[in-house]
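> let me see the structure of the following:
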Amino acid sequence: MEPNKELEKAIANKFVTPQKFAMDIEKIVVDEDLNYIDAIIHYCEINNIEVESVTKLISKPLKERLKWDAIRLNFMKKTSRAKLPL
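Predicted structure coming up:
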């Protein structure tokens, strides 16, 4: 393996990137049969981190899924301008 590839892999394993975070959340949604909101809370509890600290890790597709869950659970109104405070 190239030295740069090894370094990138080590960094990816050590630190959570938005892509890795989204994949972990998707896995929790499927495996635990949770919605996206609960999956993020579950992820934070498992990894002993504050929910507020993951806002920068939430990608645009994941944010859309969160919005859909929030509307479905009546946490947000069904308007085109509804915005999550993330």
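
> in the protein, which spans are strands?
In the chain, no segments count as strands under DSSP state E.

> what lies in contact with the longest helix along it?
Longest among the helix segments of the chain by residue count, using DSSP state H, is helix 18-32. With CB atoms under 8 Å, 6 or more residues apart in numbering as the test, helix 18-32 has contacts from 12, 16, 34-36, 39-40, 42-43, 54, 56-59, 61-62. Every C-beta, even on glycine, is put in place using the N, C-alpha and C of the backbone.

> of the residues you listed, grab the buried ones for ChimeraX.
Only the buried entries of the contacts of helix 18-32 go into this ChimeraX selection, using 16 or more other CB atoms under 10 Å:
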select :34,36,39,40,43,54,57,58,62
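
> nearest to L73 among the contacts of helix 18-32?
The shortest gap between L73 and any of those belongs to N35, at 7.1 Å (CB to CB).
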